[in-house]
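In: Below is the sequence, then the predicted model.
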Amino acid sequence: MRLPASSNRLSRVRALGTPCAGSASSARPLRDSRGAVLIVALLISALIAVALGSYLNLNLSSSRLAKRSFNGFAALNLAEAGAEEAVWSFNRAQSGDTTAWTAWTNNGAAAWQKFPNFDFGQNNSGWVKVYVDNFNPATNARPKIIAQSSVGATNDSPVTKMLEVTLRRRSLFANGLVAKDSIVFSGAVSSVDSWNSDPDKDSATAAVPYSAAVRSDKGTVGSASFVNSAVLINQANIWGYVATGGGAPQVGTGGTVRGADTPAGVDVDPRRVSTDFNADFDAALVPADGTVLATLPAVLGTAGLTTKWRTAAINLSGTNTLTILGDVTLVLTAATGDAVSVTGNAEIIIPDGSNLTLYASANVKIAGKGIANLNVQPISCQIYGVSTSPAGQDIQIAGNGSLTAVVYAPSGDVTLNGNGDMMGAVIARTIRLTGNAAFHYDEALAERDADQPFSISKWRELTSAADRAPYTGLFNGW
């Protein structure tokens, strides 16, 4: 039996799954899928909102941290600038500027000043307070500078920094043997060590002579050159430190660089060798005054008095002597040849309690009995080579006895030849030790230049409450 055509079409439509009009159950799957899509969209939107919020919060936190870091570095720089302001005042006063401390408030030995209103942009401002515990220090004093700084915006918690800076006077003789170019040890058993002739830093007490009982491991040998052959230790024994401007010191078989803390069996202690040494070789200032001498007498100066003299040269031979009395400054004006020539059994005698400061631009050759300095401290005999000629200046000091002196000749080539003890310090263009002498650096020399400017010997940031506690009260009320 054939069905009607309309029934066949309806059957085919139903067979294909097309819902019939007016059927309620056939519409539910569409509405359910629309609701699920909406829920998923809301969840995704919420996740995006959370991610954006976290990202914005991270950016805000990073911005705050960056600002705090910026303020921290700014505060540290500001504290350093305040400390440098104090160092500048120290050295202005040292150079004779009577107004160096006039802007500072002072009470007794202390002085302080606040430097306000530093603008760091973005509503950030800062100030630094600087306190000096001794603005008129004695020769051997080591004054301290305490600097406290603060940087921040008006409504923010500021970043504060505090520094403690210790000063010391610079010294021409802060090291034992220092050369601009090279140092060469040629002796088979030469040595370097140190001792302190003034351990209590009190010139009123008796000086301490060198002996094995007071021997120390602070003998210093340094060259500013970066060439590997700049320091030839060879067979010498260095009881202290060796430093170069970049090259490696050359130590031969039997040579050592050691200290009291060097392990047994170690010949060259790497902790006592450095390659970052640098030094200033400023020209020495020659006095322009002094009484002119046509001929040099056998006795120069007066005991207990300070005198200055000028003459062409010192020429001593045979058994001739030159005795120094009192505090004598002698300027030798010869420009060529030998400014000092001591030969045979001749000698320069410096009795205990007298001092000689010698300036020479021509060559210096001291042989024979040499310089008989009866003082304990090397600072009592100062020899300045003041030549500025590119050819340099030849300075030769020889003798088999002891030599107690300091030599400063930044353009000079210094040769020390002898088999005795040499006590003091030498700064020169080149240094050569040709004998088997034992060189003893006097550590007190680093403290004796009263006319030298100040430099920073110790710097530290005070970060903990315990470190800051001793100084916090200093900054209240100003």
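Out: Here it is on my side, so go on. Numbering: from 1, shown residues only.
In: Lowest-scoring secondary structure element of the chain by mean pLDDT?
Out: Here the helix or strand of the chain ranked lowest by mean pLDDT, DSSP states H and E is helix 5-15, holding a mean of 48.
In: elements contacting the helix or strand following that one?
Out: Next in sequence after helix 5-15, counting helices and strands by DSSP states H and E, comes helix 28-94. Counting contacts by 3 or more CB pairs under 8 Å, 6 or more residues apart in numbering; DSSP states H and E, helix 28-94 packs against strand 110-121, strand 124-132, strand 144-153, strand 159-169, strand 454-461. For every residue, glycine as well, the C-beta is placed using N, CA and C.
In: and those as CSV, adding distance to residue 401?
Out: Listed next are these as CSV, based on distance: least, CB to CB, whole Å:
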stretch, distance to residue 401
strand 110-121, 49
strand 124-132, 47
strand 144-153, 44
strand 159-169, 32
strand 454-461, 36
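In: Looking at these, spot the one closest to residue 442.
Out: strand 159-169 (15.8 Å; CB to CB).
In: So what are the sheet partners of the closest one and their directions?
Out: Paired neighbours of strand 159-169 in the sheet (DSSP bridges): strand 144-153 (antiparallel), strand 454-461 (antiparallel).
In: got JSON lines for those, with mean neighbour count and distance to residue 172 too?
Out: As requested, the strands paired with strand 159-169 are exported to JSON lines (neighbours: other CB atoms under 10 Å; distance: least, CB to CB, whole Å):
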{"stretch": "strand 144-153", "mean neighbour count": "23", "distance to residue 172": "24"}
{"stretch": "strand 454-461", "mean neighbour count": "13", "distance to residue 172": "13"}
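In: so which of those gets nearest residue 55?
Out: strand 144-153 (24.5 Å).
In: So what's the model's average confidence on that closest one?
Out: In this model, strand 144-153 carries a mean pLDDT of 95.
In: what sits up against that strand?
Out: Contact with strand 144-153 is made by 71-72, 74-76, 78-80, 82-83, 86-87, 118, 120, 122-134, 158-167, 471, 474-475, as judged by CB atoms under 8 Å, 6 or more residues apart in numbering.
In: Buried ones only from those, please, as a PyMOL command.
Out: Of the contacts of strand 144-153, the buried ones go into a single PyMOL selection, burial set by 16 or more other CB atoms under 10 Å:
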select buried, resi 71+74+75+76+78+79+80+82+83+86+87+118+120+124+125+126+127+128+129+130+131+132+133+134+158+159+160+161+162+163+164+165+167+471+475
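In: any weak-confidence spans in the stretch 1-150 of the chain?
Out: Flagging of the stretch 1-150 of the chain using pLDDT under 70 yields the residue ranges 1-32, 34, 59-60, 63-64.
In: Tell me the confidence at the spatially closest residue to residue 338 that is not a sequence neighbour?
Out: Spatial nearest neighbour of residue 338, excluding adjacent residues (CB to CB, 6 or more residues apart in numbering): residue 363 at 4.9 Å. For residue 363, the model assigns a pLDDT of 96.
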